[in-house]
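below: sequence and its predicted model.
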Amino acid sequence: MLTGEQLLSGVTEVVSDSIRIGIVGAGQNTLTRHIPGLQKIANVELYGVCNQHEESTQKVAKEHGISQTYSDWKDLIADDRIDAVVIGTWPNLHCEISCAALKAGKHVLTEARMARNLAEATQMLECSQAHSNLTAMVVPSPFGLVHGDYLKLILEHGFIGKLREVVVLGADNSFWDFSKYLHPRQDQQLSGLNVLTMGILHETVSRWIPATEQVFSQSHIFEPQRPVDSVPELADVTVPDSMQVVTQIAGGARGMYHISGVSLFGPGQQIHLYGSEGAIKVHFDSQYKLGEQVLTGRIGDDALQILEIPEKEQGHWRVEEDFIAAIREEKPVTLNRFETALQYMQFTEAVHQSSQQQKPITLSVS
């Protein structure tokens, strides 16, 4: 929009729709996905960055041509030249930074998990609703993006009949070596209540199945302490390295989750859907083409078959494109709005409560 001063002076040129991005926390996903993705979009400028340390802030700025650096993320938020903020920190800062950015009139894309717990996620949602003119988006699970829409379509058309059982596997040896330093995912203060890959896998399967109505879980920490870099004392592990969850799903199906970081030769990341007329098994691993392999079978088949879908029907990572398109009001956010992300936060919270209280927890299903 032209200012009154520009109109009086006879200026008639079109004002650019350029969007200036500020980055708080340039972690792996930000460096490998968000920065390259945003740089490919016309009229989007990576304008400022604030990382955890001054040295890493300067390094990111130099390597990616970012003109402004900040020693404090609050200064980045306060900069009126920035239109949108990408948050790549650990979940402990997602709520505080997201709400501050929205209150400052800036669009927000925050890394998953949405927050450490349901209370923080609810605060974020309420803040976004109070600033509904701004885009508020959570980075979605990358699992299932290739085949996800196609699977949803065939499930809706009854490919496996009535859903009976759901099996979610996220079990490997990523934290089996107890001599390794404490990882942020093992620190509840940083990562919150989510256990390892439970959140990302539940978010993925929730795109294909009805809502979860009840959970009953147990968890355990097999090695309660780990070394910390440059610190002589051992630190407490505060996130379980083994969790099992059984669920009740709207419509009558039952679910089972096996989440572990201490399973030698474990099954890795998988989702199985079993119905009255068939089955779908989805494997997530970089060894597979496109990072996913889908096996399907129906009554009468001798064995499961690898699902091959045409390239035009495949999905792909388009988080940065979707974020900018939503800001420009070209299309609404689909994966993930704060409202959608709050649902997997409700699941995470219920699983934690069930494990602590050793009883089933009912979720409110909207």
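Cool, got the structure.

all contacts plus neighbour counts: C-alpha atoms, from now on.
Fine.

the closest residue to residue 135 other than its chain neighbours bridge partners, please.
Leaving out its chain neighbours, the residue that sits closest to residue 135 by CA to CA, 6 or more residues apart in numbering is residue 107, at 5.0 Å. Beta-bridge partners recorded for residue 107 (DSSP bridges): residue 84.

for the stretch 151-300 of the chain, what spans make up the strands?
Ranges of strands in the stretch 151-300 of the chain, per DSSP state E, counting those that start in this stretch, are 163-171, 212-220, 225-228, 231-236, 242-249, 254-260, 268-275, 278-284, 292-298.

for residue 337, find the nearest of those.
Closest to residue 337 of the strands of the stretch 151-300 of the chain, according to CA to CA: strand 212-220, at 18.9 Å.

just the CA trace of the top helix by length along the chain, in CSV.
Longest helix of the chain, by residue count under DSSP state H: helix 338-357. Taking C-alpha atoms only, helix 338-357 is exported to CSV below (Å, rounded to 0.1, in the frame of the first residue of the first chain):
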residue,chain,number,x,y,z
PHE,A,338,-1.3,-24.4,15.4
GLU,A,339,-4.7,-26.0,15.8
THR,A,340,-3.5,-29.2,14.1
ALA,A,341,-0.3,-29.3,16.1
LEU,A,342,-2.2,-28.9,19.4
GLN,A,343,-3.8,-32.3,18.7
TYR,A,344,-0.6,-34.3,18.8
MET,A,345,0.4,-32.3,21.8
GLN,A,346,-2.7,-33.5,23.5
PHE,A,347,-1.7,-37.1,22.7
THR,A,348,1.8,-36.6,24.0
GLU,A,349,0.5,-35.1,27.2
ALA,A,350,-2.0,-37.9,27.7
VAL,A,351,0.7,-40.6,27.1
HIS,A,352,2.9,-38.9,29.7
GLN,A,353,0.1,-38.7,32.3
SER,A,354,-0.8,-42.3,31.7
SER,A,355,2.8,-43.4,32.2
GLN,A,356,3.1,-41.4,35.4
GLN,A,357,-0.3,-42.4,36.9
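
in terms of secondary structure, what does that helix contact?
If you count contacts as 3 or more CA pairs under 8 Å, 6 or more residues apart in numbering; DSSP states H and E, helix 338-357 packs onto helix 118-130, strand 136-138, helix 198-206, strand 212-220, strand 361-362.

buried residues, it. List them.
Residues of helix 338-357 classed as buried by neighbour count (16 or more other CA atoms under 10 Å): 338-355.

repeat that for stretch 94-101.
Buried positions in stretch 94-101, judged by neighbour count with 16+ other CA under 10 Å: 94-95, 97-101.

give me the distance from it to the chain's centre.
From the chain centre to the centre of stretch 94-101 is a distance of 16 Å (CA atoms, centre = their mean, to the nearest Å).
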